[in-house]
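Participant: A predicted structure for the sequence below; I have some questions about it.
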Amino acid sequence: MLVAAAVCPCPPLLVPEVAAGAAPEMDAARAACTDALGVLAAARPDRLVVVGPAGPDRRGAHPEGTWGSFRGFGVALDVRLGRPGPDTESPAPSEDRLPPSHDRLPPSLAVAAWLLRRTGWADAPMDALGVGESLPAERCAEAGRDIAARAERVALLVMGDASACRTLKAPGYLDERAAPFDASVARALAEADIDALKALDVELARQLMASGRVPWQILAGAAEGADLTGALLYEAAPYGVGYLVAAWS
């Protein structure tokens, strides 16, 4: 059963080394993510599952110990999904000895691995799931129910951004539908409203480049019958992309 969930955005800019001179602009988002992960730790789960958007070559399951890398963003920084220990504390392999790119964590899950290491997560075994943007809502709910059934006490770390169309300089340019869409997601996350998340418009989310739609709907399926309450910890669009942080417990 799902006992807690954290919802975080997944831009590589969350990682200060990637953001470089712009790093302070994401300080509030990082702090909110730390608070959300604290809610997961306080729930003392038996298993943590991380879900995030992924491209076609990195969809599917990623076991504990999988490497991720930010070298594609110009930073020689590698991360590993897992709890601190002999395996995860070992030095990262050189670029030519890293697993092939299709065997690494997608960027969203690499950001999750970085957040978990940053907060010192050491509570439970974990694994991750990379998902595509086209997964139908019904399939998302099914996946969520399957995740919730994996252990007696399951925690979920949900990675994904809201719309990428909030300003003229946003990746998807300005779309007047973006702000209302993001506000509806923020309300659903604040209220742990699983019906509202399930009802998100799949086509609109695609048009607005909202990478969190599938992970959020997986959360909705996982939370069925869990009677969790929500709290919205952060809501902003500093680069024209909606970033939301929430915690359910």
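Facilitator: Thanks, I have the structure now.
Participant: From here on, just use CA atoms for contacts and neighbour counts.
Facilitator: Will do.
Participant: And for the helix or strand where V214 lies, what's in contact with it?
Facilitator: Element membership for V214, per DSSP states H and E: helix 213-222. Outside helix 213-222, the residues within contact range by C-alpha atoms under 8 Å, 6 or more residues apart in numbering are 1-2, 5, 51-53, 131-137, 140-148, 156, 158-160, 162, 193-195, 197-198, 200, 202, 205.
Participant: Distance check, D193 against A231.
Facilitator: From D193 across to A231, the span is 11 Å (C-alpha to C-alpha, to the nearest Å).
Participant: Actually, P107.
Facilitator: According to C-alpha to C-alpha, P107 and A231 sit 26 Å apart.
Participant: Name the residue in those two with the higher neighbour count.
Facilitator: P107 (23 against 19; other C-alpha atoms under 10 Å).
Participant: now the more buried one, nearest residue through space, not along the chain?
Facilitator: P12 (7.0 Å; C-alpha to C-alpha, 6 or more residues apart in numbering).
Participant: Just after the longest helix belonging to the chain, pick out the following helix or strand.
Facilitator: As assigned by DSSP state H, the longest helix anywhere in the chain is helix 27-42. The helix or strand immediately downstream of helix 27-42 is strand 47-53, counting by DSSP H and E.
Participant: Which neighbours in the sheet does that following strand have, and how are they oriented?
Facilitator: Under the criterion DSSP bridges, strand 47-53 sits next to strand 126-131 (parallel), strand 154-159 (parallel) in its sheet.
Participant: What is the subsequent helix or strand relative to that strand?
Facilitator: Downstream of strand 47-53, the first helix or strand assigned by DSSP H and E is strand 60-63.
Participant: L232 belongs to a strand?
Facilitator: Yes. Using DSSP: H, G, I helix; E, B strand; the rest coil, the assignment for L232 is a strand.
Participant: so who does the residue most central in space within the chain touch?
Facilitator: Nearest to the mean C-alpha position of the chain, by C-alpha atoms, centre = their mean, lies M159 at 0.9 Å. M159 makes contact with 7-10, 50-53, 108-109, 112, 212, 215, according to C-alpha under 8 Å, 6+ apart.
Participant: Many thanks, have a good one.
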